[in-house]
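[1] Mind folding the following:
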Amino acid sequence: MLHKSGSLARSARQLLPKQVQRSLLAAWGVNRPYAHLPDLASRRCLETEILPWMRDRCRSILFVGTASYTWHYETLFRPDRYTTLDIAAGAAVWGARNHILAPVQELSQHRQPGSFDGVVLNGVLGFGIDTDQEMRRTFEELHRTLAPGGLLIVGWNTDRHKDPEALGVYNDRFARIPEPQWAVRRCFPPETHVYDVYRRTGQ
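    Take a look at the predicted model:
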């Protein structure tokens with residue numbers, strides 16, 4: 001029975017337009033657990049400050065991780081300039097027209113070096129990228145696929161993961177940008193979510 005249900009779900013994904021799938025999933029209540037997100041200061045910062053700021057500076061954006069509360073980010077960008085990536089096949093329904101089904105550690109198998117001018121890696125550390133080795137491999141891949149000088153936004157929860165900067169994973173790859181609003185870590189007490197903003201450096 002479970003096998004049949006899985007087959008039906010895959011068939012539905014293939015046959016139904018993405019907007020219809022999203023509407024059905026919303027009717028089934030997939031958004032309910034995330035109803036509080038728009039009220040979080042960190043989420044408002046992402047949606048009203050970070051993404052518009054990147055849109056004005058980057059020709060090509062990669063957003064890592066898709067969910068029912070991220071699908072509308074695509075509307076902020078030209079469709080040909082916005083790409084999403086997720087390891088879960090079922091998450092593709094929330095992804096952009098340009099969507100990559102793969103772990104971020106395999107990004108270079110799907111895009112050429114320097115393909116993106118900006119990357120948003122938000123809420124992934126500690127929620128899928130859980131070991132130091134996975135984290136180091138992730139930033140190696142992002143460095144490879146970011147164009148020289150490209151922007152990297154890392155949003156993470158301080159109670160879920162070690163500080164990547166303290167671990168030295170950005171050394172010789174990324175440096176904080178000097179613009180005043182992003183030159184230091186953005187924090188939102190009492191939330192544990194923070195944002196770090198970097199620029200790609202090195203070869």
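[2] Quick check: next helix or strand after the helix or strand hosting T138?
    In this structure, T138 sits in helix 132-145 according to DSSP states H and E. Read in the C-terminal direction, the helix or strand following helix 132-145 is strand 146-157, with elements assigned using DSSP H and E.
[3] That following strand pairs with which strands, parallel or anti?
    Each strand paired with strand 146-157, and its direction, by DSSP bridges: strand 116-122 (parallel), strand 193-200 (antiparallel).
[4] List of residues touching the longest one?
    So that's strand 193-200. For strand 193-200, the surrounding residues in contact (Cβ atoms under 8 Å, 6 or more residues apart in numbering) are 40, 42, 45-46, 50, 122-123, 143, 146-158, 164-165, 170, 173-177, 182, 185-188. Yep, even glycine has a C-beta here, placed from its N, CA and C like the rest.
[5] related to what we said a few turns ago, ranking the strands paired with strand 146-157 by burial, who's on top?
    Mean neighbour counts were taken over those using mean count of other Cβ atoms under 10 Å, and the top value, a mean of 24, falls to strand 116-122.
[6] Please parse this protein into its domains.
    1-30, 36-200 (automatic domain parsing).
[7] what would those domains look like in CSV with mean pLDDT?
    Formatted as CSV, the entries for the domains of the chain read as follows, by pLDDT from 0 to 100:
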stretch, mean pLDDT
domain 1-30, 52
domain 36-200, 93
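[8] Please identify the most buried of the ones you listed.
    Sort these by mean neighbour count, taking mean count of other Cβ under 10 Å, and domain 36-200 sits at the top with a mean of 17.
[9] Which stretches in this structure count as strands?
    61-64, 82-86, 98-101, 116-122, 146-157, 174-176, 186-187, 193-200 (DSSP state E).
[10] and the gap between the residue nearest the centre of the chain and T70?
    Geometric centre of the chain, nearest residue: V64, 2.6 Å, by Cα atoms, centre = their mean. When Cβ to Cβ, to the nearest Å is applied, the distance between V64 and T70 equals 10 Å.
[11] Same check on T131?
    Going from T131 to T70 by Cβ to Cβ gives 24 Å.
[12] L121 bridge partners, please.
    V64, V154.
[13] any shared contact partners between V64 and T70?
    Taking Cβ under 8 Å, 6+ apart as the contact rule, the neighbours common to V64 and T70 are T84.
[14] need the contact list for F63.
    So F63 contacts T70, Y73, Y82, T83, T84, L85, A96, V119, V120, N122 (Cβ under 8 Å, 6+ apart).
[15] For A183, give me its contacts.
    With contact set as Cβ under 8 Å, 6+ apart, A183 has these partners: R176, I177.
[16] same thing but 6 Å
    Taking Cβ atoms under 6 Å, 6 or more residues apart in numbering as the definition of contact, the neighbours of A183 are R176.
[17] any chance of the strands paired with strand 146-157 in TSV, with distance to M135 too?
    Output for the strands paired with strand 146-157, formatted as TSV (distance: least, Cβ to Cβ, whole Å):
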stretch	distance to M135
strand 116-122	10
strand 193-200	13
